[in-house]
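[1] Have a look; sequence and predicted model below, questions after that.
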Amino acid sequence: MDHEARSAGQLWVEDEKGRRRLPDPVRTAAVRAVLLTSVTLIQAMVAFFCAVTGSWLAFPMLLTSVGSTVVATWSVLDVWVTRQVWRQRNGVVSEPSSTARQLRRERRLARKAAQAVESEPGHGAAGIRRTATDSRALSEAA
């Protein structure tokens, strides 16, 4: 902890490193899953205590607990699916171990090298670029 920040009277010191915040759709799905799971656990507990005491509510609570278990399982799967969909739509996580990041870097370097070769003096007419149809016509003529 930073002692200077504490002495200045701050109660909360932001830590620079840590986990990234979840994307909004994933976070809402996770909150929904936690709420449904906690309600399911409470229902199961109530059903158990009703069964122990011999209350008439034991059977209805058991049925609702089973239904809630299905819903809670579905909501946990929804978190996983939402996370995967978000990752597919917004690209892969940019981490040093990311394969996609390495491939982008290699393509960028190859593109820069190709542009450097094109811009060299004596490399054909200046300002004229070949299109895909021009290169195809040249390869067919040869």
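    Ah, there it is. This is a predicted model, so every value here is computed, not measured.
[2] Now do the helices in this protein.
    Taking DSSP state H as the test, the helices found in the chain are 3-7, 24-53, 58-90, 99-118, 132-141.
[3] Could I get those in TSV, plus columns for mean neighbour count, mean pLDDT and distance to residue 15?
    (C-beta placed from N, C-alpha, C; glycine too.) Compiled in TSV, those are given as follows (neighbours: other C-beta atoms under 10 Å; pLDDT from 0 to 100; distance: least, C-beta to C-beta, whole Å):
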stretch	mean neighbour count	mean pLDDT	distance to residue 15
helix 3-7	10	55	11
helix 24-53	15	95	19
helix 58-90	15	93	24
helix 99-118	10	86	25
helix 132-141	9	57	51
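[4] Identify whichever of those helices lies nearest to residue 17.
    helix 3-7 (15.7 Å; C-beta to C-beta).
[5] Give me the distance between the residue sitting nearest the centre point of the chain and residue 80.
    Nearest to the centroid of the C-alpha atoms of the chain, with distances taken as C-alpha atoms, centre = their mean, sits residue 87, at 4.1 Å. In this view, residue 87 and residue 80 are 11 Å apart by C-beta to C-beta, to the nearest Å.
[6] Kindly report the same for residue 104.
    For residue 104 relative to residue 80 (C-beta to C-beta), the value is 27 Å.
[7] Same question for residue 108.
    33 Å.
[8] Ok, residue 111 next?
    37 Å.
[9] was I right about residue 72 contacting residue 35?
    No: counting by C-beta atoms under 8 Å, residue 72 stays clear of residue 35, with 9.3 Å between them.
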